[in-house]
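Novice: turn this into a structure:
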Amino acid sequence: MSYKAGIVMRTKFISPGDKRFNGAIRYLDKEQSKRINNLDKYYGIEFMSEAEKTPKRISALFNGYQDYLDAAHLVDLKDKFELAKERESPMWQTVFSFDHEYLKEIGLYSQGEHGFLDESAIRQATIGAMNKLVEDMGFGSSAAWGAAIHFDTDNIHVHTMLVTTDPEGTLDRMTYRNQSMYRAKIPPKATRAMKSKFGSVIMDRDASLSRISYLMRHELVKTSMSIGYSNNLKIIQGVTRLMNQLPDDRRLWKYGNNAMIDFRPQLDALSREIMNQNNPSALQELDSLLDEQSTLFQKTFGEATVQEGRPSYKQQQLSNLYKNMGNALLTEMKKSMSRDEWMAKSAFTPEEVKAYLEEKRAPVLGKKALNDFKKAIDDSHQEFLSKCAYEREEWRKATMRKRELEHGRGY
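Specialist: Numbering: from 1, shown residues only. Next up, the predicted model:
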């Protein structure tokens, strides 16, 4: 089934020398009513129609700390943007644009006399997405951003703008047209993660995503491997065959290593057998949740989620599951191989074992250590002889006293 994108996300960066950077700083300084008429002066994303550039209403600015930035926080945000510009930080502008029918479907919007928009849900989704971007870019506390919801006749959208006050510590340098500047492009992986976070929060899917993660990491990998497969002859035979085919160098026994490419189908098949045997209900629950989540993501972001040869959400998660399970199985196989090798070594002849033990026990001593050792032995020997002489003398005296008493000559 084909789905129209419920949310469109677009991101662009503005260089610190661009006049729209100054326009954004001035925008932060204006009253809400005046910001409506000055949007073009800081817009970096030119994809909206003229009708969309004249919204009926615009929300108060918000960020990750306040739903509605008060005067003091607006001044603080403006100061950080000015500091970022001074330090040559780029500005990243992102727009989240919504299809009204999609918002209606997930219960966040209705039109008419009693129409409403769940602004809180949209703010929380924006905060989640921006925090994810800040985390993936490594900006930490140096990030400063603000956002506002724009209400249009054609669509509702959120505008965000982000800077870092420490570009030197967070961005790489590059040369463009003979000028040195900070590299501002956001990696595609970070963009996809940001978009995914926005969708999962606005659909209130964080609980489902947490359940998926728990099933994959704990129930299907950790629990399945702890139960083991010693009672399944088919799995044992498969593991044995695979161990005989793997490279001799066990340092290569990692699922992601290129040397393991040809063995991954066997690893995946064994992993599937073990999970089916030890936790079939968790595997079925995971499959159902992944189908549900994939459908929701396609409704949210449209067919772009499965275009351009990229794997679907479900395919990505299953790939991660089999990678983690494969590595756990390879680790167990390494331990098993080590035990087998020890058993083979223990089959040596008694003479070989004795020679091996003597070699391990042989002290490695220098001349001084040998002399000290010899002296300690000599001292101990002399002490022993003296003790024996003392005991003999005491025994002799006791014997003499006894004899004298027996003959009536004691006192």
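Novice: now name the helix or strand holding Arg264.
Specialist: Per DSSP states H and E: Arg264 is located in helix 264-278.
Novice: mind saving the C-alpha coords of that helix as CSV?
Specialist: As requested, the backbone C-alpha atoms of helix 264-278 are provided in CSV (Å, rounded to 0.1, in the frame of the first residue of the first chain):
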residue,chain,number,x,y,z
ARG,A,264,26.4,-14.9,7.9
PRO,A,265,23.6,-16.9,6.3
GLN,A,266,24.6,-20.0,8.4
LEU,A,267,24.9,-17.8,11.5
ASP,A,268,21.5,-16.3,10.8
ALA,A,269,19.9,-19.7,10.3
LEU,A,270,21.4,-21.0,13.6
SER,A,271,20.3,-17.8,15.4
ARG,A,272,16.8,-18.3,14.1
GLU,A,273,16.7,-21.9,15.3
ILE,A,274,18.0,-21.0,18.8
MET,A,275,15.5,-18.1,19.2
ASN,A,276,12.6,-20.3,17.9
GLN,A,277,13.5,-23.0,20.3
ASN,A,278,14.1,-20.9,23.4
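Novice: I'd like the next helix or strand past it.
Specialist: Remark: after helix 264-278, the chain's next helix or strand is helix 280-301, criterion DSSP H and E.
Novice: which helix or strand lies directly C-terminal to that following helix?
Specialist: Following helix 280-301 in sequence order, the next helix or strand is helix 313-345 (DSSP H and E).
Novice: quick one: list the elements packing against that next one.
Specialist: Packing partners of helix 313-345 (3 or more C-beta pairs under 8 Å, 6 or more residues apart in numbering; DSSP states H and E): helix 224-227, helix 233-245, helix 264-278, helix 280-301. Placement of C-beta: from N, CA and C, glycine included.
Novice: what residues of that helix count as buried?
Specialist: Buried positions in helix 313-345, judged by neighbour count with 16 or more other C-beta atoms under 10 Å: 313-314, 317-318, 321-330, 333.
Novice: swap in stretch 392-400?
Specialist: Buried, per 16+ other C-beta under 10 Å, within stretch 392-400: nothing.
Novice: which ones are touching Asp291?
Specialist: Lys314 (C-beta atoms under 8 Å, 6 or more residues apart in numbering).
Novice: what is the burial count for Asp70?
Specialist: Around Asp70 there are 11 other residues, counting by other C-beta atoms under 10 Å.
Novice: partners of the nearest residue to Arg57 once chain neighbours are set aside in the sheet?
Specialist: In this structure, Arg57 finds its nearest non-sequential neighbour in Phe151, 4.4 Å apart by C-beta to C-beta, 6 or more residues apart in numbering. Taking DSSP bridges as the rule, Phe151 bridges to Arg57, Ile156.
Novice: could you export stretch 184-198 as PDB, CA atoms only?
Specialist: Extracted in PDB, the C-alpha atoms of stretch 184-198 (Å, rounded to 0.1, in the frame of the first residue of the first chain):
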ATOM      1  CA  ALA A 184      28.000  22.300   8.500                       C
ATOM      2  CA  LYS A 185      26.500  19.400   6.600                       C
ATOM      3  CA  ILE A 186      24.500  17.000   8.900                       C
ATOM      4  CA  PRO A 187      25.300  13.400   8.200                       C
ATOM      5  CA  PRO A 188      22.300  11.500   6.600                       C
ATOM      6  CA  LYS A 189      22.300   9.000   9.500                       C
ATOM      7  CA  ALA A 190      21.700  11.900  12.000                       C
ATOM      8  CA  THR A 191      19.000  13.400   9.800                       C
ATOM      9  CA  ARG A 192      17.200  10.000   9.600                       C
ATOM     10  CA  ALA A 193      17.500   9.600  13.400                       C
ATOM     11  CA  MET A 194      16.100  13.000  13.900                       C
ATOM     12  CA  LYS A 195      13.200  12.400  11.700                       C
ATOM     13  CA  SER A 196      12.500   9.000  13.300                       C
ATOM     14  CA  LYS A 197      12.600  10.500  16.800                       C
ATOM     15  CA  PHE A 198      10.100  13.200  15.700                       C
END
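Novice: may I see the buried residues of that stretch?
Specialist: Ala184, Ile186, Ala190, Thr191, Ala193, Met194, Lys195, Ser196, Lys197, Phe198.
Novice: please verify my assumption that the residue nearest to Arg57 contacts His100.
Specialist: No - the criterion here is C-beta atoms under 8 Å, and Phe151 misses it with His100 at 11.1 Å.
Novice: neighbour count for the two, which is higher?
Specialist: Neighbour tally, Phe151 and His100, criterion other C-beta under 10 Å: the higher count belongs to His100, 17 against 14.
Novice: now do the SS call for the closest residue to Leu162 other than its chain neighbours.
Specialist: Of all residues not flanking Leu162 in the chain, Trp145 sits nearest, at 3.9 Å (C-beta to C-beta, 6+ apart). With DSSP: H, G, I helix; E, B strand; the rest coil as the basis, the three-state label of Trp145 is strand.
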